[in-house]
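Enquirer: fold the following and give me the result.
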Amino acid sequence: MTGPAPTRGPLAGLRVVELTGLGPLPFCAMVLADLGADVVRLERTGLPAAGAGTLDRRMVLTRGRPSVGVDLKHPQGVELVLRMLEHADVLLEGYRPGVVERLGLGPEVCLERNPRLVYGRITGYGREGPLAMAAGHDINYISVAGALAPIGRRGEAPVPPLNLVGDFGGGGMLLAMGILAALHERSRSGRGQVVDAAMVDGAALLTTMLHEVRGLSLWNDARGTNILDTGAHYYNVYETADGEFVSVGAMEPGFYRAFMTGLGFPADDVPPQDDRSQWESLKAEVAEIFRTRTRAQWLEVFDGTDACVTPVLGLGEAPAHPHNRERATFAEVGGVVEPAPAPRFSRTPPGAPAPAPPPGVHALDALAAWGLAPAEIDALVEAGAVD
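Expert: Just a heads-up that it's a prediction; the model follows:
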């Protein structure tokens, strides 16, 4: 008896056309491709091939899917996209409002060609409102959403959380979720629709719990004075003797006691956890204690306890951590160590992602899988519509 046939992941069979963009859009496409979707990236034509200057680099966000150069200002290029969409489940685009409409690839045109199409689009500020046409980046979107102001220490300026909150959490991941929701609805109605993900909306959504606790008068608008924003001594980051750092998240009473006794406080004289008048002095005292030992020594002290003390690992360190190694949280793809596909599935696990093609290196044969004959592909190349 043979076992079940191997799968490419739970999205095997899903066909996606990606109009290449930056940051959150390729991240969304990567997530779908990681989970088994058949994604093809349509890049600009005329990109320098790998080895020509700054584009000679290994990409990660574009892994798992081939690319084709398509001139979207060429009538035959636009017609090629529309023809591909006849066979597609999803279109991804991330241009400023109005751009794809001017190119002749707006939702009305595409859904007329394929009424079952899920048209996924992402912008920073959304398609309506006074900022809809404004330029911006992650830091701007999360500022307007109210997500940046609470992040930082007391008396200091807000600290941008890289571009994780707007671009990826509130942007690309939200778009992926919206697309899957629309596909589920399509299974009942038989009709596609537009999924409009704005990073300002997604970043605001991520702050839902903060609005809840603020509404309960459990959150102070003064930055760095609350439990989660480095106000508390038991939810913080501390430097160790060797210049490394540990993170502490000892929020529950039992965890807090394990943390404080591990630092050397007597079990019968642990400072009160929620006396905010002592938080600043306790942070200073705890910081002084942590500076007396190395990170490795402190990790040994807290090993096996519920103190919630962990090392602050750098991007180069994280893949080697024993927990991440056992779980295969990171994978080597094309010679580069990068995060592995997530989440995990019991019956339909995705395979290892394929390395991303170098920028400007296109796979014209990918068009054959979308119904184009070799002669048609040659004619498009000759016309300058694709490369």
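Enquirer: residues contacting the residue nearest in space to the middle of the chain?
Expert: Centre of the chain computed as the mean C-alpha position; nearest residue by Cα atoms, centre = their mean is residue 168, 3.3 Å away. Contacts were defined as Cβ atoms under 8 Å, 6 or more residues apart in numbering; by that measure residue 168 touches 23-24, 27. To be clear about C-beta, it is placed using only N, CA and C from the backbone, and glycine gets the same treatment.
Enquirer: try it again at 10 Å.
Expert: With contacts defined as Cβ atoms under 10 Å, 6 or more residues apart in numbering, the neighbours of residue 168 are 23-24, 27-28, 31, 61, 138, 162, 174, 199, 202.
Enquirer: looking at this, residue 80 is in a helix?
Expert: Yes: assignment of residue 80 by DSSP: H, G, I helix; E, B strand; the rest coil places it within a helix.
Enquirer: quick revisit: could the contacts of residue 168 go into TSV alongside secondary structure, neighbour count and pLDDT?
Expert: Shown next, in TSV, are the contacts of residue 168 (DSSP: H, G, I helix; E, B strand; the rest coil; neighbours: other Cβ atoms under 10 Å; pLDDT from 0 to 100):
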residue	secondary structure	neighbour count	pLDDT
23	coil	19	90
24	helix	29	96
27	helix	23	97
28	helix	31	98
31	helix	23	97
61	coil	18	93
138	helix	26	98
162	coil	11	97
174	helix	23	97
199	helix	33	98
202	helix	28	98
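Enquirer: which of the residues you listed sits closest to residue 188?
Expert: residue 174 (22.1 Å; Cβ to Cβ).
Enquirer: how much space between the residue lying farthest from the centre of the chain and residue 258?
Expert: In the chain, the greatest distance from the average C-alpha position (Cα atoms, centre = their mean) is reached by residue 268, at 45.0 Å. When distance is defined by Cβ to Cβ, to the nearest Å, residue 268 is 15 Å away from residue 258.
Enquirer: now render the contacts of residue 168 as TSV, adding distance to residue 333.
Expert: Converted to TSV, the contacts of residue 168 look like this (distance: Cβ to Cβ, whole Å):
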residue	distance to residue 333
23	19
24	20
27	15
28	18
31	15
61	12
138	25
162	22
174	25
199	27
202	27
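Enquirer: and the strands in this protein, which stretches?
Expert: 15-19, 38-43, 67-69, 90-93, 118-123, 193-198, 235-239, 245-249, 309-311, 330-333, 336-339 (DSSP state E).
Enquirer: can you list the buried residues in the second one?
Expert: Taking 16 or more other Cβ atoms under 10 Å as the basis for neighbour counts, the residues of strand 38-43 that come out buried are 38-43.
Enquirer: possible to save those as CSV with pLDDT?
Expert: What follows is the buried residues of strand 38-43, written out as CSV (pLDDT from 0 to 100):
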residue, pLDDT
38, 96
39, 97
40, 97
41, 96
42, 96
43, 93
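Enquirer: name the nearest of those residues relative to residue 102.
Expert: For these, the closest approach to residue 102 (Cβ to Cβ) belongs to residue 42, at 16.7 Å.
Enquirer: go ahead and confirm that closest one touches residue 77.
Expert: Yes: counting by Cβ atoms under 10 Å, residue 42 touches residue 77, with 8.7 Å between them.
Enquirer: check contacts around residue 105.
Expert: Under the criterion of Cβ under 10 Å, 6+ apart, the neighbours of residue 105 are 19, 72, 77-78, 81-82, 85, 91, 93, 95, 99, 113, 119.
Enquirer: filter those down to the buried ones, PyMOL style.
Expert: This is how PyMOL selects the buried members of the contacts of residue 105, with burial counted by 16+ other Cβ under 10 Å:
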select buried, resi 19+72+77+78+81+82+85+91+93+95+113+119
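Enquirer: mind checking how far the residue nearest to the centre of the chain is from residue 375?
Expert: Look at residue 168 and residue 375: by Cβ to Cβ, they are 42 Å apart.
Enquirer: what does stretch 178-189 rub up against?
Expert: If you take Cβ under 10 Å, 6+ apart as the criterion, stretch 178-189 is touched by 10-11, 14, 16, 28, 31-32, 35, 37, 89-92, 115-122, 191-197, 202.
Enquirer: buried ones among these?
Expert: 10-11, 14, 16, 28, 31-32, 35, 37, 89-92, 117-122, 192-197, 202.
Enquirer: can you name the residues bridging to the closest residue to residue 19 other than its chain neighbours?
Expert: Using Cβ to Cβ, 6 or more residues apart in numbering and skipping residues adjacent in sequence, the residue nearest residue 19 is residue 93, 4.4 Å away. With beta bridges defined as DSSP bridges, residue 93 has these partners: residue 121.
Enquirer: mind listing the helices for the protein?
Expert: Applying DSSP state H to the chain gives helices spanning 24-34, 75-85, 99-103, 107-113, 138-145, 173-189, 199-206, 208-215, 253-263, 279-290, 295-302, 322-327, 374-383.
Enquirer: format these as a markdown table; extra columns: distance to residue 237.
Expert: Shown next, in a markdown table, are the helices of the chain (distance: least, Cβ to Cβ, whole Å):
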| stretch | distance to residue 237 |
| --- | --- |
| helix 24-34 | 26 |
| helix 75-85 | 48 |
| helix 99-103 | 42 |
| helix 107-113 | 45 |
| helix 138-145 | 21 |
| helix 173-189 | 25 |
| helix 199-206 | 21 |
| helix 208-215 | 19 |
| helix 253-263 | 14 |
| helix 279-290 | 10 |
| helix 295-302 | 12 |
| helix 322-327 | 19 |
| helix 374-383 | 54 |
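Enquirer: please identify the deepest-packed of the ones you listed.
Expert: The densest packing among the helices of the chain, expressed as mean neighbour count by mean count of other Cβ atoms under 10 Å, is seen in helix 24-34 with a mean of 27.
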